[in-house]
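> Sequence first, then the predicted structure, then my questions.
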Amino acid sequence: MIDVDNKTVTITGTDVNHIKNVLRMKPGEEFSVSTGEDSKEYRCAIREFLKDSVDCELRFIKEDNVELPSKIYLFQGLAKGDKMETVIQKAVELGVYEIIPVTMDRCVMKLDEKKISSRIARWQAIAEAAAKQSKRAIIPRVCEPMSFKNAVEYAKDIDVKLIPYEMAEGMSHTRDIISGIKQGESVGIIIGPEGGISEGEIELAGKKGFETVTLGKRILRTETAGMTVLSILMYHLERD
């Protein structure tokens with residue numbers, strides 16, 4: 001955890017051990033941190049190591065503008081094994097704003113109600129580590145899993161809503177939709193689980209404003225589909 005107060009930056013939590021025992025940094029050394037809540041980069045120097053924190057002097061604040069110009073929400077159908085962890089890690093690296101796990105008709109993975117809180121904590125820790133590694137200015141939030149019905153309702157205020165589907169119109173239609181997205185518009189993406197998206201879900205999503213798009217002539221795995229859409233959006237939105 002990072003707390004910035006006037007000219008002081010206080011670091012607590014697991015980062016203390018990382019700075020002190022892994023990086024073996026010394027008083028006087030400089031490094032940059034972000035709070036995970038804004039787009040600012042805080043450059044600071046270590047003053048001293050306390051029992052459970054690192055006390056630092058704030059040197060300057062830099063607004064690096066490393067975030068995408070649009071907030072992207074990834075509605076990911078629950079995937080089994082370590083696939084969800086891979087999706088979360090790579091989505092954060094590619095600039096996603098928020099990840100919403102979704103229980104869908106054809107999900108193979110079934111969440112144990114008793115283990116949901118620990119699973120979310122694990123996913124959030126992966127998002128935090130990925131955000132730090134890729135020098136993100138914010139730490140994307142991993143929401144609690146929700147039903148498909150609740151997910152499309154959650155997306156009601158998102159500007160552009162997409163759902164990759166193998167029966168969607170051709171690539172020219174998809175290009176038109178993607179090219180029409182403006183910087184600053186929020187984007188929601190629904191990715192189906194291993195078993196794909198059911199016709200009922202496609203119908204409900206369509207009623208809630210989601211447009212079907214194609215990702216090409218090949219069938220992509222669930223852990224590949226989201227990364228493909230995010231990569232396309234990053235290329236389209238991140239222009240000088």
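Looks like it came in fine. Numbering: from 1, shown residues only.

> partner residues bridging the closest residue in space to Pro27 that isn't next to it in sequence?
Leaving out its chain neighbours, the residue that sits closest to Pro27 by C-beta to C-beta, 6 or more residues apart in numbering is Ile46, at 4.9 Å. C-beta coordinates here come from the backbone N, C-alpha and C atoms, glycine included. On the basis of DSSP bridges, Ile46 takes part in beta bridges with Cys56.

> how much space between Ile46 and Val22?
14 Å (C-beta to C-beta, to the nearest Å).

> who's in contact with the closest residue in space to Leu204 that isn't next to it in sequence?
Distances taken as C-beta to C-beta, 6+ apart put Val152 closest to Leu204, at 6.1 Å, once the chain neighbours are dropped. Val152 makes contact with 190, 204-205, 208, 210, according to C-beta atoms under 8 Å, 6 or more residues apart in numbering.

> Which of those has the largest number of neighbours?
Highest neighbour count within the contacts of Val152: Ile190, with 30 neighbours (other C-beta atoms under 10 Å).

> Does anything pack onto the helix or strand where that residue lies? Which helices or strands?
Element membership for Ile190 (DSSP states H and E) is strand 187-191. Under the contact criterion of 3 or more C-beta pairs under 8 Å, 6 or more residues apart in numbering; DSSP states H and E, strand 187-191 touches strand 72-77, strand 160-164, helix 222-237.

> Just read off the phi/psi values of Ala121.
Backbone dihedrals for Ala121, given as degrees, to the nearest 10, come out at phi -60, psi -40.

> Measure how buried it is and give me the count.
For Ala121, using other C-beta under 10 Å, the count is 11.

> now it: how far from Lys182?
From Ala121 across to Lys182, the span is 36 Å (C-beta to C-beta).

> helices and strands of the chain: which one has the lowest mean pLDDT?
strand 2-5 (a mean of 82; mean pLDDT, DSSP states H and E).

> Show me what counts as buried in it.
2, 4 (16 or more other C-beta atoms under 10 Å).

> what helices or strands is that strand leaning on?
Strand 2-5 is packed against strand 8-12, with contacts defined by 3+ C-beta pairs under 8 Å, 6+ apart.

> Give me the pLDDT value at the residue nearest to Lys71 when sequence neighbours are not counted.
Among residues not flanking Lys71 along the chain, Tyr97 sits closest, at 4.0 Å (C-beta to C-beta, 6+ apart). Note for Tyr97: predicted pLDDT of 96.

> go on, the one 4 residues further on?
Pro101 is assigned a predicted lDDT (pLDDT) of 96.
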